[in-house]
Structures are given as C-alpha cells and as structure tokens.
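>>> okay, sequence plus prediction incoming.
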Amino acid sequence: MRSLPRATRGTTRRAVLAGGLAATVALSLAACGSGDDGEVTGGGVGTAEKPVSIRMIANDAFARQWQEQMVPEFNKLYPHIKVTIDGVPYGDLLAKEMLELTAPDPTYDIVIADDPWIPQLAKTGGLADLKGDLGKYTKSDYDWDDFNTGPLAAGEWKGKQYGVPLRSNVLLMFYNKTLYSKAGLAAPTPELTWQQYLEQAPKLVRDTNGDGKPDAWAVGTYWTKDPLTPTIWQTILNSNGGQLLDENNKPTFNTPEGVAALQTHIDLLKYAPPGAATYQFNEPLEAFRQGKTATMFMWGSVYKGTAIDPKTTTLKPEEVGIQVMPVGTASAGAHRGMWTGAVAKKSKQAEAAWTLLQWLSSKEGEKWHANTLGVFPARKSTLSSTPEQAWLTPVFKAIADGYVAIDKGKMWRPKLPESDAIQQILATQHSLAVSGQVTAAQALKNAEDEVNKLLKSKGY
C-alpha cells in the first residue's frame, strides 16, 4: 500500500538505505537465527504508582492521527500505559525497522509493517510470536477465528503469527456512475468480466464539451515503474488462476496466461488520458476525482477522499461506485495491502505492547477504528455489522467481496524475505514492456530469469 494509501515517493532512497543495511543485517541474522531462542519479557500493564511506557514506529502517513486520536481512546481502558508513536516516511521505514530489530537494545516495542515485510522482519529474529511468546497475555475474548484469513495471513510466516492486521486495504475498482450513464452504459457490477470491460472501454472515451477532442476517458491506474505497478498485472493474472510463484518458490508467471494478463494491463493505456504511461499513485487519483476517468483501479482506502470529502474531490457520493476488479476465468480480482502490528522480541514491555495491539485489532477496537477514522477492518464481525457512517456501507461490501477473491486467488505479493526485490524486478521489466522497449512476452522471460537467479542465490 503504501497501505493506505501507500505513497510512491521515496523508492530510490529506500533502495539505498536497504543496500546500506546488507552487511549489518547479514551479521545480525547469523547471530539471531530464526528467533526461537530467548524469552520475551512481559513487564505488565502498569499501575497508578508505576506506569509503563511503550514506543511504536509507524508510517508517518497515519502516525500522528494515531497519537492524537487512537492513543487517548486506548488510555480510557489502559490509563497506565504511556504510548509514544514516531512517524517515519514510508521510504525509510523498513530500513529503520531492520536496524531496530537487529540492535542489542532496540528503541521500539512495536513495529508497524507493510504487507510484504513480515517475512523479512521475522527473519531477523527480532519479532515475538504473538500466539507463542505472548499467548499467555492474550485476552480470552480476542477471537483469532473472527479475522478474515487473508488479512491475518499477512502477519504470519513459517507457521508463526508475528503480526495482526491494523489497517487493511484492498485493490479495487472505482467507477463514475455519471460518466457511465452519459456513455449509455449500465453501471458495473461485481460480475463484470475483463472481456466485457474492454468491450465497453472505447465507449467511455468521449468528447463531452463538443470541441472534437476527448476530454473523458475510460481508465486510470498505475503504469510507470514502481513496486506497486505490477500488482495490477498480478491481480489480472490471479483472477485467471495464475500465480507468481509455486509452492517451491519457482516462478510460474511466464506463461501464455501471464503474458495475456500483462498485455491487458498495457492495453488499458489505449483508453486512458494522454500521458497516462507515467501514472503512479497520485495521477490516476487526481484524474478520477476531477471526473476525467470513468474507472480507476486503486487501493480502496482512497474512497473517502474520492467520494465523500469535498476538500479533495469534485465528485458527489452518489456518483462513485466501488467493487472488486473485473472477473477473470477463475474469479473476481483484488489484491491485499495490509499494515500489521508486531511486537519486538527484545521489548521490556511486551505485555503492554501486545495489549495495545490487541485492543486496536479487537472487535471493539476495530469498530472504533473504522467508524471514527474510516480505517478498513479485517474482522468478519465488523464487515457484517452496520457501520455508524453510511458511506462505509458500500465499502464494507466491496472489502468483503475482495477478501473472498484474495483468499481464492492468493492475491498478494510473495511471502518471502525477498518480496521487495522480486517486486523491483517485476516493476523494471513491466516498465520496459509499457514503454515498448520489449514485448510482454520478453518482459516476463527476463523477469523469470532474474527472479530465478535471485532466489537461487538465496538458497531456494
């Protein structure tokens, strides 16, 4: 994401930081192993005479909001746990967390991880197993089974639960009902197929002011080089039953179905605004909010700013629809983007840290989070409830449908410590295909070779 929404800036800086960490992290990994050794210190939840303090590192996109609104709500129940949240720009966050978890005396009790990071962070040995190490501090009514499996799985690695979902996100389809109506088309439904969508797309490219030039287009989404750009192609591939890797972590995307999915993503440019080949996160969002595109494939968390908030959009709530991405040969499309909360294994206040994460991801805490801050839920009970804010009703339906598709098609980035490196390879080759420097088939062949080389070097 990144998750919610994920900013696309800072990629280069992130890569530099990650590269600079290689030697330090390699040594730390050798020392830490799998993280099974050692006991986690509880530390209690504090008293009036002896309060406890915990510190969290989080994405600065939402750290301040949590500090100002979430922490006071938490302190109504746990007044003796002082919580400090430090916001870090997305591009720097993973590198800083890796350093923290491999440090002899880390600063942070809680780390907030983007969807593909848990394997990489857990491999340091620096994360506590929430069900094992901290199981004795888990509330009896926490109800692990109430989570949808896709969001919860983002915090799992090698059979251990290192994180819980705190800010869920799903890649979805937005549509402008007004533009569909003016084009003489019925509004999309969750049963819309990719074939139907592509047949309708030319009709959504229109001259609305009579000057002889198109000023409304069918689609906006990611196209330019970015680690998140391949998620569009991956979702199309997954909806057709394909996968990036098999159970032995061997690439399985270089197939006729994979090539066709990538070509579909590229072909969407025919029905997009001029210059759309350079679109990352902000550009398609702005075009849709200005009523220039009839559909947008984007992270669902932008819905409020797109359909509700007049400070950020020209559209009215009744104009904007949201649903799963079009249906392929196997299922509808969606893609998982989660922010999960994890406890540092070396934390001296692990019980208090886990208490905060439990509350925020509990049935009560999640409903507060969704209804107060508009954050997407991960629990079945929350999604089946009636939200306090009416605008969340269609969003809850789209998220629930998205989770079904995600589970069925395994629609997420690779669950490996090398996930980010794989996404960078895919992003590079995808960019070459979009720009016409290579064909879709050649791009996937090149990507397959590079991913194979990368994973072989890591012992897979």
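Thanks, I have the structure now.
>>> now do the strands in the stretch 201-350 of the chain.
Assigned by DSSP state E, counting those that start in this stretch, the stretch 201-350 of the chain shows strands spanning 217-220, 293-299, 320-323, 339-343.
>>> so what strands line up beside the third one?
This means strand 320-323. Using DSSP bridges, the strands paired with strand 320-323 are strand 171-176 (antiparallel).
>>> the second one too?
Partner strands and pairing direction for strand 293-299 (DSSP bridges) are strand 171-176 (antiparallel), strand 217-220 (parallel).
>>> need the CA coordinates for the last one. PDB is fine.
Presented in PDB, the C-alpha positions along strand 217-220 are these (Å, rounded to 0.1, in the frame of the first residue of the first chain):
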ATOM      1  CA  TRP A 217     -11.500   8.600 -20.700                       C
ATOM      2  CA  ALA A 218     -12.200   5.100 -19.500                       C
ATOM      3  CA  VAL A 219      -9.500   4.300 -17.000                       C
ATOM      4  CA  GLY A 220      -6.700   5.400 -14.700                       C
END
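>>> outside of that strand, which residues touch it?
Contacts of strand 217-220 with the rest of the structure, by Cβ atoms under 8 Å, 6 or more residues apart in numbering, involve 200-202, 204-205, 268, 271-273, 276, 279, 283-285, 287-288, 292-298. Any C-beta I mention is one placed from the backbone N, CA and C, and that applies to glycine too.
>>> give me that answer again for 10 Å
If you take Cβ atoms under 10 Å, 6 or more residues apart in numbering as the criterion, strand 217-220 is touched by 173-175, 179, 183, 197-198, 200-206, 268-274, 276, 279, 283-288, 292-298.
>>> so how do I select the buried members of the residues you listed in PyMOL?
The buried residues among the contacts of strand 217-220 can be selected in PyMOL (16 or more other Cβ atoms under 10 Å) with this line:
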select buried, resi 173+174+175+179+183+197+198+200+201+204+205+206+268+271+272+273+276+279+283+284+285+287+288+292+293+294+295+296+297+298
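>>> state the distance from P190 to D105.
Distance of P190 to D105, given as Cβ to Cβ, to the nearest Å: 51 Å.
>>> now L185
61 Å.
>>> more neighbours: which of the two?
L185 (14 against 6; other Cβ atoms under 10 Å).
>>> which non-adjacent residue is nearest the more buried one?
Q200 (5.6 Å; Cβ to Cβ, 6 or more residues apart in numbering).
>>> name the element the one you found belongs to?
Q200 belongs to helix 194-200 when assigned by DSSP states H and E.
>>> run through who's touching that helix.
Looking at what lies outside helix 194-200 - Cβ under 10 Å, 6+ apart - the contacts are 173, 180, 183, 185-186, 188-189, 192-193, 204, 218-219, 236, 239-240, 260-261, 264, 267-268, 270-271, 294-295, 325-329, 333.
>>> was I right about K363 contacting A370?
No - if you go by Cβ atoms under 10 Å, K363 and A370 don't touch, sitting 11.1 Å apart.
>>> common neighbours of those two, please.
P377, R379, T382, S385.
>>> ramachandran coordinates for the residue nearest the centre of the chain?
The centroid of the chain falls nearest to G337 when counting by Cα atoms, centre = their mean (1.7 Å). Backbone torsions of G337, given as degrees, to the nearest 10, read phi -140, psi 100.
>>> right, and it touches A378 too?
No - between G337 and A378 there is no contact under Cβ under 10 Å: 11.7 Å.
>>> so what's in contact with those two at the same time?
P151, A154, R167, S168.
>>> and the third one, bridged to which residues?
If I follow you right, that is R167. W339.
>>> give me the distance between it and T293.
For R167, the distance to T293 - Cβ to Cβ - is 26 Å.
>>> all helices in the stretch 51-200 of the chain, in order from the N-terminus.
63-65, 71-77, 90-101, 118-122, 149-153, 177-182, 194-200 (DSSP state H, counting those that start in this stretch).
>>> looking at those, which is buried most?
When those are scored by mean count of other Cβ atoms under 10 Å, the highest mean neighbour count falls to helix 118-122 (a mean of 24).
>>> neighbours of Q290, how many?
11.
>>> run through the residues that contact it.
Here Q290 is in contact with T313, T314, L315 (Cβ under 10 Å, 6+ apart).
>>> for those residues, pick the one with the most neighbours.
T313 (22 neighbours).
>>> who's in contact with that residue?
Going by Cβ under 10 Å, 6+ apart, T313 touches 285-286, 288-291, 302, 304-307, 319-320.
>>> A95 against L101, yeah?
No - using Cβ under 10 Å, A95 is not in contact with L101; the gap is 11.3 Å.
>>> could you report the neighbour count for the nearest residue to L94 once chain neighbours are set aside?
Residue nearest to L94 in three dimensions, not counting chain neighbours: W117, with 5.8 Å by Cβ to Cβ, 6+ apart. By other Cβ under 10 Å, 25 other residues sit near W117.
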